[in-house]
Each structure stands twice: as C-alpha cells, then as structure tokens.
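**Student:** Dropping the sequence and predicted coords here.
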Amino acid sequence: MNLISIDREKCVKDAICAAECPVKIIDVQNGFPEIIKGTEKFCINCGHCVAVCPSAALSHKNISIEDCLEINPDLAIGPQQVEQFLRSRRSIRSYKKKPVEKELLEKLITLAGHAPSGHNLQPVHWHVIHEREELTKLCSHVVDWMRWMIKEQPQAAALLELEMVVKGQEAGNDIITRDAPHLILAHGIQKSPIAQPACTIALTWLELTLPSFGLGGCWCGFFNAAAMFWPPLQKELGLKQGHISYGAMMVGYPRYAYHRMPPRNPPRITGL
C-alpha cells in the first residue's frame, strides 16, 4: 500500500491535504493528491491529511479513517465556556481518601497523550504510582534528598525552604505529596531535546483534563526534583534506562469545591 491512497470518486480536488501537510510532501497531479517521489521518509504520521479532508477521500497507510473520531460540532465549546474553564483551574492540594480507578487514570493519560510534541515524535512515557503506601515510601527518599541539600547546598535549600518541609514531614504532615492518593510521572530520554517540553505539555493537558472527570491535580515539584537528581529515588522508581522524570502530578478526588475565580496579574505583553 502506498503511503496515501485516494478514493477518486470521493475526492473533490480541493488540494486542502497538500496545503495542510506540515512537511509539504503532498503534491497535486492531474487534480488528485499524491506523495512527491522520494519524500515518504519525511512523513511524521501526524494525520493532518486524513483529518482535514472534508470528503473522507484520503487514507494513510499508518492512520486508518476508521480509527479517527469524527469531530462533533455540537460538542464545541464557546468563548465564555473556555474562559471559565481556564480561569477556574485550581491546584488541588486537599484530596478525599478515595482511590481513582485504574481504568479512569489510563483514560486520562490516553487523552493527555494527544498533546502536541515536536515533529510528532510523541516521546512521553508515563509512570503511575497508584498505591498510597508506595508513594509514602518513595517520599522518604525525597526527604533524604532534602536533608542532603540542606547540608551540601544550603543556599539552594534555603531558597526552596527545604528545612521547613523536612520538619513538616517529620511531624507527620505530608507537604511533599499532600496525601494525594496517586502520583503520575511523565518521563523521557534524558538526551532528547524534545522530551522535556513534550512532558511538560502533556502533564498540562492531563491537569486540564482532570476536572471534567471530577478529579483534581497539582504539580509535585519537590518529588520531581528529587526524581531528577537523587539516585536512590531514581533506582526505586525504576524508569527505563536513559530516562529521566520531567514532571510529576498529584491526582485524586478533591475534598472541597471552589466557587470563585480570583484574578491574576495582568499579562506583560510587547508588540501589541
């Protein structure tokens, strides 16, 4: 099978697929689109050509039309909904003592996997710490890292107020993961220039997805810092060889509901 195939009875010869191909490997010959000879290797399998064709005339060898969901205009959200959706986002730090179903977490991660990545490489890997007991155990490594920082890098530790965090943990207050039932890490190849921004974007999508499913989340910076720099925690996590965690997110059912949307600082804009 060629990289793309065209149903000539359906094709309306609008050349939209060629115009939208991000790597410009589709040309129009005799009115019908086709791959420019010798350029198949440059395809990034983004699916633009399949998704944009209004008549469903184009098929891609690696992206079946049958696997693509139709966009339902009735589900589109308007400007007011978008504004409330984004302005009502809160970092959730108080959770119910109720675990989230593994199937639901998998669905959320699948949705977050639709986040954009450079060259559509999709380099994000996910690691879920589902059991609270395991998370508590891992937090002990984070505290060990903090104690090392306080001793060896006191200025950085003071900036991060690590001494206060350690004292809180020793007193039985979980300041690191806020007693969240679950933690989700996004990790990728350490030497990849694309992995870190892709993980950040994907985790952002995950956080924005949570409220629609009755869940909430919060970035877990202390845990991720230790996961990046503390070998005992890295060993315990057991990520793939050559991988590093680029972000961690607490996830669970919020204990409280929010009712207002506080303002933010006005944006600092140039050029407008």
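**Tutor:** Happy to help now that I have it. Everything quoted here is computed from the prediction, not taken from an experiment.
**Student:** how much distance is there from the helix or strand containing residue 83 to the middle of the chain?
**Tutor:** Assigned by DSSP states H and E, residue 83 belongs to helix 79-87. Averaging C-alpha positions (Cα atoms, centre = their mean, to the nearest Å) puts helix 79-87 20 Å from its chain's average.
**Student:** for stretch 207-216, same thing?
**Tutor:** 13 Å.
**Student:** For it, measure first residue to last.
**Tutor:** 7 Å (Cα to Cα, to the nearest Å).
**Student:** Repeat that for stretch 12-23.
**Tutor:** Per Cα to Cα, the first residue of stretch 12-23 is 22 Å away from its last.
**Student:** gap between it and the chain center?
**Tutor:** The answer for stretch 12-23 is 29 Å, by Cα atoms, centre = their mean.
**Student:** Spatially central, which residue of the protein would that be?
**Tutor:** Most central in the chain under Cα atoms, centre = their mean is residue 202, positioned 1.3 Å from the mean C-alpha point.
**Student:** What are the buried residues along the host helix or strand of that one?
**Tutor:** Take DSSP H and E as the rule and residue 202 turns out to sit in helix 195-209. For helix 195-209, a neighbour-count test (16 or more other Cβ atoms under 10 Å) marks 195-196, 198-209 as buried. Where you see a C-beta, it was placed from the backbone N, CA and C, and this is true even at glycine.
**Student:** Same question for stretch 111-129.
**Tutor:** Neighbour count says stretch 111-129 has 111, 112, 115, 117, 122, 123, 124, 125, 126, 127, 129 buried, by 16+ other Cβ under 10 Å.
**Student:** just checking, which of the residues you listed belong to strands?
**Tutor:** 125, 126, 127, 129 (DSSP state E).
**Student:** Could I get the contacting residues of the third one?
**Tutor:** The neighbourhood of residue 127, defined by Cβ atoms under 8 Å, 6 or more residues apart in numbering, consists of 184, 185, 187, 237, 239, 245.
**Student:** do the same with the first one
**Tutor:** Shown here is residue 125, whose contacts under the criterion Cβ under 8 Å, 6+ apart are 186, 187, 188, 239, 240, 243.
**Student:** Span of stretch 232-243 from start to end?
**Tutor:** 15 Å.
**Student:** right, I mislabeled it, should have said stretch 117-130
**Tutor:** 26 Å.
**Student:** now the strands for this structure?
**Tutor:** Going by DSSP E, the chain shows strands at 4-6, 26-29, 32-35, 58-60, 125-129, 182-189, 216-219, 243-252.
**Student:** Minimum distance to residue 226: which of the ones you listed has it?
**Tutor:** strand 243-252 (9.2 Å; Cβ to Cβ).
**Student:** Figure out how far that closest one is from the centre of its chain.
**Tutor:** Distance, centroid of strand 243-252 to centroid of chain: 10 Å (Cα atoms, centre = their mean).
**Student:** quick one: it to strand 182-189, angle?
**Tutor:** 160 degrees (axes from the mean of the first three to the mean of the last three Cα atoms, to 10 degrees).
**Student:** in terms of contact count, name the helices or strands touching strand 243-252.
**Tutor:** Strand 243-252 is packed against strand 182-189, helix 195-209, strand 216-219, helix 221-229, with contacts defined by 3 or more Cβ pairs under 8 Å, 6 or more residues apart in numbering; DSSP states H and E.
**Student:** quick one: it to strand 125-129, angle?
**Tutor:** Using the same axes, to 10 degrees, strand 243-252 lies at 50 degrees relative to strand 125-129.
**Student:** any idea of the angle strand 243-252 forms with helix 221-229?
**Tutor:** Using the same axes, to 10 degrees: strand 243-252 against helix 221-229 is 160 degrees.
**Student:** what about strand 243-252, average pLDDT?
**Tutor:** For strand 243-252, mean pLDDT is 98.
**Student:** try stretch 212-227
**Tutor:** On average, stretch 212-227 scores 98.
**Student:** From here on, call the first residue 374.
**Tutor:** That works, and once the first residue is 374, the last one we named lands at stretch 585-600.
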